[in-house]
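Asker: using only what follows, build the 3D model:
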Amino acid sequence: MERSLNEYFLYFRYLYWCDYGQNPKIVRALLTGKNQTSIVTHGVRRPFAITIDMKSHDVYWVDGLVDSIQVRFFSI
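Answerer: Residues are numbered from 1 along each chain as shown. As a prediction, this is how the structure comes out:
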């Protein structure tokens, strides 16, 4: 049985965001805000437009400073 997108979000309970300040990074945390983990800290300069491949859990983002799409291969 295939899960709906909402079921995936409820099951994994993660929130992803980017910080492009002095130390740019991509971070994830539980929806409660606990267990914040920086998942990308190197090779990222101005990240935005994050998306997650729900099957492979890879994290994709656009780096606005170098005009490219980046990926972090990531397994949960």
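
Asker: distance between the ends of stretch 30-39?
Answerer: Stretch 30-39 has an end-to-end distance of 13 Å (criterion: Cα to Cα, to the nearest Å).

Asker: that one: which residues count as buried?
Answerer: Residues of stretch 30-39 classed as buried: none (neighbour count, 16 or more other Cβ atoms under 10 Å). Yep, even glycine has a C-beta here, placed from its N, CA and C like the rest.

Asker: average pLDDT across it?
Answerer: Mean pLDDT, stretch 30-39: 89.

Asker: residues contacting it, please?
Answerer: 13, 14, 15, 16, 25, 26, 27, 28, 29, 59, 72, 74 (Cβ atoms under 8 Å, 6 or more residues apart in numbering).

Asker: run through this protein and note the low-pLDDT ranges.
Answerer: Within the chain, the ranges that satisfy pLDDT under 70 run 1-12, 75-76.

Asker: please, where are all the strands along it?
Answerer: Counting by DSSP state E, the chain has strands at residues 14-19, 25-30, 37-40, 47-52, 59-63, 68-72.

Asker: buried set for the fourth one?
Answerer: Meaning strand 47-52. Judged by neighbour count using 16+ other Cβ under 10 Å, the buried positions of strand 47-52 are 47, 50, 52.

Asker: contact partners for the residue lying closest to residue 19 once chain neighbours are set aside?
Answerer: Once flanking residues are discounted, residue 19 sits nearest to residue 25: 5.4 Å by Cβ to Cβ, 6 or more residues apart in numbering. Neighbouring residues of residue 25 by Cβ under 8 Å, 6+ apart: 18, 19, 38, 40, 41, 44, 47.

Asker: can you tell me the closest non-neighbouring residue to the first one?
Answerer: When the adjacent residues along the chain are set aside, residue 18 lies closest to residue 47, with 4.0 Å between them (Cβ to Cβ, 6+ apart).
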